[in-house]
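Q: Quick one, what's the 3D model for this:
(chains A and B)
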There are 2 protein chains.
Amino acid sequence: MLRTHTCGELRPEHIGQTVTLCGWVQRTRDKGSLLWIDLRDRYGLTQITLEEGVEAEAVRESARHLGREFVLSVTGKVAERYSKNDKIPTGGIEIRPEKVEILNPAKLPPFLIEDDTDGGDDLRMKYRYLDLRRTPVRNNLMLRHKMAQAVRRYLDGQDFIEVETPVLIKSTPEGARDFVVPSRMNPGEFYALPQSPQTFKQLLMVSGFDRYFQIVKCFRDEDLRADRQPEFTQIDCEMAFVTQEDILDMFEGLVRYLFKEIKNLDFPTVPRMTYADAMRDYGNDKPDTRFEMKFANLTETVKGQSFPVFDSAELVLGINAATCAAYTRKQIDELTEWVKRPQIGATGLVYARVEADGQVKSSVDKFYSQDELQKWKAAFNANPGDLILLLAGPEAKTRKAMSELRLEMGRRLGLRDPNSFSPLWVIDFPLLEFSEEENRHFAMHHPFTSPKPEDLALLDNPATIGQTRANAYDLVINGVEIGGGSIRIHDRAVQARMFSLLGFTPEEAQAQFGFLLDAFEYGAPPHGGLAFGFDRLCSLFGGSDSIRDFIAFPKNNSGRDVMIDSPSPISDVQLKELSIKTDVVAK
Amino acid sequence: MLRTHTCGELRPEHIGQTVTLCGWVQRTRDKGSLLWIDLRDRYGLTQITLEEGVEAEAVRESARHLGREFVLSVTGKVAERYSKNDKIPTGGIEIRPEKVEILNPAKLPPFLIEDDTDGGDDLRMKYRYLDLRRTPVRNNLMLRHKMAQAVRRYLDGQDFIEVETPVLIKSTPEGARDFVVPSRMNPGEFYALPQSPQTFKQLLMVSGFDRYFQIVKCFRDEDLRADRQPEFTQIDCEMAFVTQEDILDMFEGLVRYLFKEIKNLDFPTVPRMTYADAMRDYGNDKPDTRFEMKFANLTETVKGQSFPVFDSAELVLGINAATCAAYTRKQIDELTEWVKRPQIGATGLVYARVEADGQVKSSVDKFYSQDELQKWKAAFNANPGDLILLLAGPEAKTRKAMSELRLEMGRRLGLRDPNSFSPLWVIDFPLLEFSEEENRHFAMHHPFTSPKPEDLALLDNPATIGQTRANAYDLVINGVEIGGGSIRIHDRAVQARMFSLLGFTPEEAQAQFGFLLDAFEYGAPPHGGLAFGFDRLCSLFGGSDSIRDFIAFPKNNSGRDVMIDSPSPISDVQLKELSIKTDVVAK
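A: Numbering: from 1, shown residues only, chains lettered A, B, ... in the order given. The predicted model follows:
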């Protein structure tokens, strides 16, 4: 190696040794007779000190014209430091150099390479390789590495085999939009990039692999948001000869192991909640259970008092923002504007304060007597100082708006500490959801999810079909869906029926998924599994909302990598070889 | 779990316990009063025994009509086996069932699910999920899993960080043909799938990651051969502040660790050979050094004896096939036909036997006196019983043909034992190779490889440019290139010069690789790395020549996955969304 030690390694016990360090100039301070260089690498920071009359003048001269981010090799003796810095592990020593060599100079970086940088998002994305030099960004990727290693260690210890499934697969009509790859050798035909290795992992169960996993890139060509990337990484798992209970146990174990290994936290036992309960109490299939603040359904309670908004509402929901009774008029108005924003979509906000004497004071006092308001209070077991917030309107919209308001109040009340972790299994998801737009059912999880055996009869009746529950489950932590899965269908007839319910003709089903239907006839074991969103799991562990911070080279919201300037046009020769033409419609 | 134990787990100490096993019917034997089922899962095979008058008639009936590959759940008591089978770990026990439940029946498989199957390649590819049930195939993938785990353990222990680099990147003109992905959000533009994460790993070095690795899928749209797949897996590595020596040490260490962990073999120290020596002695930059049989150059020795073939030859090469003097006329004729095959391309074969008395008898005795022939013998230090084989002709072609003949003779002499491992570093590769066809130089490794500093001046002169050596190296084991890499350029000016030598204008270089050239100006450390072909490494460890055997779902030579029938046409809606049209020219 060009170095004998790293910049994070030297301690007082090395004093007197001659060492060579390599790294980047974090900063220099020149006080004339004394010159300091802070040299940085991945492992830490070491101070280099040059003093008039001590270090040779030639060496001092070579150190005098260094810029930030120059790459140096410094050879010298480890010495005790004059003024110790107990904030860094190398703070007890410094290097008194015999030689300072510039391995590569550096232009002035376009933003500060410091924990707090002055660079904006776009600039940092363009110079991502410089942003990655900053300690918090590098730490995110080191966390990711450690987590991947720990996942593999746990699953290997549980007899899971990591199998690489193909990236060049086949486009299928279900699910999100596929990225496709034109085939040169098969003109007019295309591969697709996998949205998940779903069918392959099921085939591995048919093959008897018994326990499979893979940390694997997946791809979805969907419009992007802050927490969505066109390529993302899953921890993809499948087991044979299991019940839902076995899967929940196994992967609760994985998450518990990760919390212990990475954060030294004893992860609590994961409670379970049905989808129906989650929707009723939190208006959301991924409730943030770091705080309670459950919904109360006041639809019947508030009716018949001549308040037209509530009388005509399909649903009236309330939450109790405990301790918020002292909200000022201004705060309430601001909250009302907040719920009326298009993203939330409520038409107004009704509130009721519980005063010190237990009396309730509401924004609709002219419609509701104190007796009526006491019923509201009772619905929440509300106490003096509490603030009851009500929304009313169409069912789905009101539930969604109240879910957002609850999260917002949790945030305002400081109930969403990123260092506190509240996990939850949400179970018993519906099998199907109906699309008004396409006038047909879609699989809520995916078409390979098995209905609950006791609900099978519901599938026979168009009136009850939507009530059919699936053996499907999600792991939710702090309101974020971290993973999800299901017990799969392993019977050809049931799978064929599912495709039929989803609107496939038998011919279409055979053309798209014939290999899987066929496989089910050659001895398919009962099986199930789940997949974790690895980017999201890392961001949860890192205490961040943004998965981009945990991806080395992310793309922007237009799917562009602005650093390498991709995507980009390709040559006519390439197009011709691939038997395609571009067909861009002018806008 | 639906089972209490696996089919490989039960031993005599379990006798008397009631257990439930799940698995596949390997075979049944029905002798009337006695009925046996061999139940198989990933972990092993367990015998189920049903006896008239012992097991209930209902249970025996349920076991009587089972076919091969039916999936069963069997509950019963572990009993001592009548006739022990010491060939399998469960051979001391059997299960006496109380219940035999069919979890899923199976159609008759299209080929035997046995170690030796009767299925042809095409059938086994179509039903790959059944082929994967066979123990040797499953063992290959389990080996692959174990190797990947061990690679990660070693590199993690050496402070390497695994970083995922993007799959959707940018098409570049150097190297092999890219697979491309049309961008919906950026009409008329394309991503490319990476041929390797080369530029990203170099950027990670610029970022100060110091030690990076990734086990990563790479893609090349090239015509396929038995040992080439459109998607393949690399162990991709890079280090900063290193010399070539550090890299060779580190990764020799990795391979040594793998051999110890996986095969419990002490891997020898890896000798080094220059590219020039490898070409001179073996005619090949990846010599199989499990055996010696080096070339002797006899061009001058054999000239001037009026044998027109040798007199006019640019090169005359010989090898000594020790102990082969007893080859019959028929064997020699057959070998002559072998070297004349178009793949080998020699025009003929000259031989010379060393007889018991030390006299040499050749196929060209009418041109060469015994004195002359003794010079041949001396060139090899040949002994009685040896057979000297000579090829002559144009330089490159003769060297290549002799390399093939040497490997063939090694094979015939049993010198290429797949359980013996002979590693070799080939170093000092040429930097550039000249393409007559395109009348320009190409990078022999890739455009980011650094020239040897002492050879830099050779680049200035068109006459010597081809002699410039690179800081590039390959790890060769048993004649197979297992890995290769180089010390990289980390200086913008040198990199720009290299692009210029490869025929890029400065504008083209900036458009394609501007991000890397720019990065070199912001403090790039000296760095280098290498990549191993993971599929090939697995096949080497598994004692096989075929990488397909170590890939779960490989593609055939037309790039098709015949199991899922991919690639395939996509819909007009998809094409329109992607702003492309197919443009298939009728053949």
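Q: count of neighbours near the residue of the stretch 201-350 of chain A found nearest chain B?
A: Distances between the stretch 201-350 of chain A and chain B by C-beta to the nearest C-beta are smallest at A:S207, namely 3.7 Å. To be clear about C-beta, it is placed using only N, CA and C from the backbone, and glycine gets the same treatment. A:S207: 28 surrounding residues under other C-beta atoms under 10 Å in any protein chain shown.
Q: near chain B, which residues of the stretch 351-500 of chain A?
A: The stretch 351-500 of chain A has residues A:490-491 near chain B, with proximity defined as C-beta under 8 Å from any C-beta of the partner chain.
Q: where along the stretch 351-500 of chain A do the helices fall?
A: A:370-380, A:395-412, A:492-501 (DSSP state H, counting those that start in this stretch).
Q: In the shortest one, which residues are buried?
A: Within helix A:492-501, the residues that qualify as buried are A:492, A:495-496, A:498-499, A:501, counting by 16 or more other C-beta atoms under 10 Å in any protein chain shown.
Q: How about the longest one?
A: The neighbour-count criterion (16+ other C-beta under 10 Å) identifies A:397-410 as the buried residues of helix A:395-412.
Q: Turn those residues into CSV, columns for pLDDT.
A: Below are the buried residues of helix A:395-412 laid out as CSV (pLDDT from 0 to 100):
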residue, pLDDT
A:K397, 95
A:T398, 97
A:R399, 97
A:K400, 96
A:A401, 97
A:M402, 97
A:S403, 97
A:E404, 97
A:L405, 97
A:R406, 98
A:L407, 97
A:E408, 96
A:M409, 97
A:G410, 97
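Q: Going by secondary structure, the nearest residue to A:V181 once chain neighbours are set aside is in what exactly?
A: Excluding its sequence neighbours, the residue lying closest to A:V181 (C-beta to C-beta, 6 or more residues apart in numbering or on different chains) is A:Y191, at 4.3 Å. Following DSSP states H and E, one finds A:Y191 within strand A:190-192.
Q: Looking at the buried residues of helix A:492-501, which is nearest B:G53?
A: Of all the buried residues of helix A:492-501, A:R492 has the smallest distance to B:G53: 38.2 Å, by C-beta to C-beta.
Q: burial of the nearest residue to the closest one once chain neighbours are set aside, as a residue count?
A: Nearest residue to A:R492, sequence neighbours excluded (C-beta to C-beta, 6+ apart): A:F520, at 4.2 Å. If you count neighbours by other C-beta under 10 Å, A:F520 ends up with 21.
Q: residues contacting A:F520?
A: Shown in contact with A:F520 (C-beta atoms under 8 Å, 6 or more residues apart in numbering or on different chains): A:206, A:489-492, A:495, B:104.
Q: Please enumerate the helices of the stretch 1-150 of chain A.
A: Applying DSSP H, counting those that start in this stretch to the stretch 1-150 of chain A gives helices spanning A:57-62, A:121-126, A:128-131, A:135-157.
Q: And the contacts of the longest one?
A: The reference is to helix A:135-157. In contact with helix A:135-157 (C-beta under 8 Å, 6+ apart) are residues A:42, A:115, A:131-132, A:162, A:211, A:213, A:215, A:235, A:237, A:253-254, A:257-258, A:261-262, A:534, A:537-538, A:541-542, A:544, A:549-550, A:552, B:145, B:149, B:152, B:156, B:161-164, B:207-209.
Q: export that helix as CSV, just CAs?
A: C-alpha atoms of helix A:135-157 as CSV (Å, rounded to 0.1, in the frame of the first residue of the first chain):
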residue,chain,number,x,y,z
THR,A,135,-19.2,11.8,6.0
PRO,A,136,-23.0,11.6,6.5
VAL,A,137,-23.5,10.4,2.9
ARG,A,138,-20.7,7.9,3.1
ASN,A,139,-22.1,6.7,6.5
ASN,A,140,-25.4,6.0,4.8
LEU,A,141,-23.8,3.7,2.3
MET,A,142,-21.7,2.0,5.0
LEU,A,143,-24.9,1.4,6.9
ARG,A,144,-26.4,-0.1,3.8
HIS,A,145,-23.4,-2.4,3.4
LYS,A,146,-23.6,-3.6,7.0
MET,A,147,-27.3,-4.2,6.8
ALA,A,148,-26.9,-6.3,3.6
GLN,A,149,-24.1,-8.3,5.3
ALA,A,150,-26.3,-8.9,8.3
VAL,A,151,-29.3,-9.9,6.2
ARG,A,152,-27.2,-12.5,4.5
ARG,A,153,-25.7,-13.8,7.7
TYR,A,154,-29.1,-14.2,9.3
LEU,A,155,-30.8,-15.9,6.3
ASP,A,156,-27.7,-18.1,5.6
GLY,A,157,-27.9,-19.2,9.3
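Q: Tell me the first helix or strand C-terminal of that helix.
A: Trace forward from helix A:135-157 with DSSP H and E and the next one is strand A:161-162.
Q: gap between that following strand and the chain center?
A: 24 Å (C-alpha atoms, centre = their mean, to the nearest Å).
Q: before we move on, what about stretch A:524-542?
A: 11 Å.
Q: related to what we said a few turns ago, mind putting the helices of the stretch 351-500 of chain A into a markdown table with distance to B:G483?
A: Listed next are the helices of the stretch 351-500 of chain A as a markdown table, based on distance: least, C-beta to C-beta, whole Å:
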| stretch | distance to B:G483 |
| --- | --- |
| helix A:370-380 | 66 |
| helix A:395-412 | 51 |
| helix A:492-501 | 44 |
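Q: quick one on the thing from earlier: which residues sit in contact with the residue of the stretch 201-350 of chain A closest to chain B?
A: B:129-130, B:132-133, B:138.
Q: what about the closest residue in space to it that isn't next to it in sequence, how many neighbours?
A: With sequence-adjacent residues excluded and distances taken as C-beta to C-beta, 6+ apart, A:S207 is closest to B:L132, at 3.7 Å. Residues lying near B:L132 (other C-beta under 10 Å) number 22.
Q: Surely B:L132 is in contact with B:A552?
A: Yes - using C-beta atoms under 8 Å, B:L132 is in contact with B:A552, at 6.9 Å.
Q: joint contacts of those two?
A: A:204, B:141.
Q: Flag every residue of the stretch 201-350 of chain A that's near chain B.
A: So the stretch 201-350 of chain A meets chain B at A:203-204, A:206-210, A:217, A:219, A:221, A:223, A:230-231, A:233, A:240-243, A:246 (C-beta under 8 Å from any C-beta).
Q: Of those, just the buried ones, ChimeraX syntax please.
A: With 16+ other C-beta under 10 Å as the criterion, this ChimeraX line picks the buried residues out of these:
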select /A:203,204,206,207,208,209,210,217,219,221,230,231,233,240,241,242
